[in-house]
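Trainee: Got a sequence here, can you model it:
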Amino acid sequence: MTNSPFPLESTAADAQAAIADEFGFFGDWSERYQYLIDLGRKLPDFPEAWKTEEHRLQGCQSLVWIVAEGDAHRLDFHSVSDSAIVSGLVYLALRVYSGRSAAEIVATAPDYIAAIGLSKHLSPTRSNGHAALLAFIRERAQAACAG
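Mentor: Take a look at the predicted model:
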């Protein structure tokens, strides 16, 4: 399944810069949360057949499913959540990392989190879930690099 719109930008660094620019347009966090929810609505369809325990992301209070496809040359991630805000967080992570080489994924720290002030505005449970999502992506990339 490769109906992914990602990557939108040519590099992960470009994606992070675009995210920082977009969030910079909003004056307060209520507007940023609404934008995050709007982004989550743009996630591609996720097959019901993939919504299994095998694909469920552990460490999230919300239900999140994620599937990785590809190899060291290109890894695509497909994910969905039952939470509107978490779906937005998933969208941001996929925008930065999905459709990239494993080496680029491993070499790219999630700087967009600090750039938009996200860490200060997420509940501890959402922060933990977001960290679990990023760890999953990184682990798959490291495994692909190892061959």
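
Trainee: For the longest helix seen in the chain, which helices and strands make contact with it?
Mentor: The residue-count maximum for a helix in the chain (DSSP state H) belongs to helix 124-146. Helices and strands touching helix 124-146, as assessed by 3 or more C-beta pairs under 8 Å, 6 or more residues apart in numbering; DSSP states H and E, comprise strand 64-71, strand 74-81, helix 84-97, helix 102-107. Quick note: C-beta positions are derived from backbone N, CA and C, even for glycine.

Trainee: I'd guess residue 26 is in a strand, am I close?
Mentor: No. In this structure, residue 26 is coil, not part of a strand, as judged by DSSP: H, G, I helix; E, B strand; the rest coil.

Trainee: Just give the closest residue to it, not the sequence neighbours.
Mentor: residue 32 (4.8 Å; C-beta to C-beta, 6 or more residues apart in numbering).

Trainee: Relative to residue 138, how far out is residue 11?
Mentor: Between residue 11 and residue 138 the distance is 17 Å, computed by C-beta to C-beta, to the nearest Å.

Trainee: Could you check the pLDDT of residue 2?
Mentor: You'll see residue 2 listed with a pLDDT of 53.

Trainee: just the one 3 residues further on next, same as before
Mentor: At residue 5, the model reports a pLDDT of 83.

Trainee: tally of neighbours for the closest residue to it other than its chain neighbours?
Mentor: With sequence-adjacent residues excluded and distances taken as C-beta to C-beta, 6+ apart, residue 5 is closest to residue 44, at 6.3 Å. Residue 44: 15 surrounding residues under other C-beta atoms under 10 Å.

Trainee: Any chance you could list what contacts the one helix or strand in the chain whose mean pLDDT sits lowest?
Mentor: The helix or strand of the chain with the lowest confidence, counting by mean pLDDT, DSSP states H and E, is helix 112-115 at a mean of 91. Residues outside helix 112-115 that contact it (C-beta atoms under 8 Å, 6 or more residues apart in numbering): 15-16, 19-20, 23, 92, 96, 118-119, 130.

Trainee: swap in stretch 64-74?
Mentor: The list of residues contacting stretch 64-74 from outside it, by C-beta under 8 Å, 6+ apart, reads 1-2, 46, 50-52, 55-57, 75-82, 86, 90, 99-103, 129, 133, 136-137, 140, 144-145, 147.
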